[in-house]
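**Student:** structure of the sequence below:
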Amino acid sequence: MKIFSAFVGLQSTCLNPEGKPYIHSIRVGANNSPEPFSGGTTHGVVMTFSSTEDRDYYVNDDPVHNEFKKVLAPFVDPPPEGSFRVVDFTDGEL
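**Tutor:** Numbering: from 1, shown residues only. Below is the predicted model:
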C-alpha cells in the first residue's frame, strides 16, 4: 500500500534543523491479531524517536511531516470513520 511506503520514506526525508535524519525507526504492518480488540484498525505504524524533543519536532514543526499530514487527513478522522489512531508512549514508563 502506497501510504505505508510513504510512512517508511519519512525516515530518510524528515530532517532536523541541522539537516540530519532524526527518526530512529519506522515499522509498518497489517493487523494479524486473533483477538477481537482491534476496533477495526487494519494496520499499524510504530515510529521510534531518540528523544521527546525529536518527536515533538516531528509532530509540530517538520515541514515534510506537515505535508504528509495532508495526505493522511482522510485516514485520521476520529473513529469510527477514520482508520488511524495515534498513541504516543515512552517504552517502559507506566
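
**Student:** what's the closest residue to residue 52 other than its chain neighbours sitting at in phi/psi?
**Tutor:** The shortest distance from residue 52 to any residue that is not its chain neighbour, by CB to CB, 6 or more residues apart in numbering, is 7.6 Å, and that residue is residue 90. Every residue, glycine included, has its C-beta placed from N, CA and C. Phi and psi for residue 90, reported as degrees, to the nearest 10, are phi -110, psi 120.

**Student:** which helices and strands does the top helix by length along the chain pack with?
**Tutor:** Ranked by number of residues, the top helix in the chain under DSSP state H is helix 2-13. Where contact means 3 or more CB pairs under 8 Å, 6 or more residues apart in numbering; DSSP states H and E, helix 2-13 is packed against strand 23-30, strand 43-49, helix 63-72.

**Student:** what stretches of the protein score poorly on pLDDT?
**Tutor:** Along the chain, segments meeting pLDDT under 70 span 76-84.

**Student:** now the angle from the helix or strand containing residue 57 to strand 23-30?
**Tutor:** Assigned by DSSP states H and E, residue 57 falls within helix 52-60. Counting by axes from the mean of the first three to the mean of the last three CA atoms, to 10 degrees, helix 52-60 lies at 60 degrees to strand 23-30.

**Student:** which strands or helices does helix 52-60 pack on?
**Tutor:** Contact analysis of helix 52-60 by 3+ CB pairs under 8 Å, 6+ apart lists strand 43-49 as its packing neighbours.

**Student:** in its sheet, what does the strand it packs on sit against?
**Tutor:** Looking at strand 43-49 with DSSP bridges, its paired strands and their directions are strand 23-30 (antiparallel).

**Student:** flag every buried residue along the strand it pairs with.
**Tutor:** Using 16 or more other CB atoms under 10 Å as the test for burial, strand 23-30 gives 23, 26, 28.

**Student:** alright, calling it a day.
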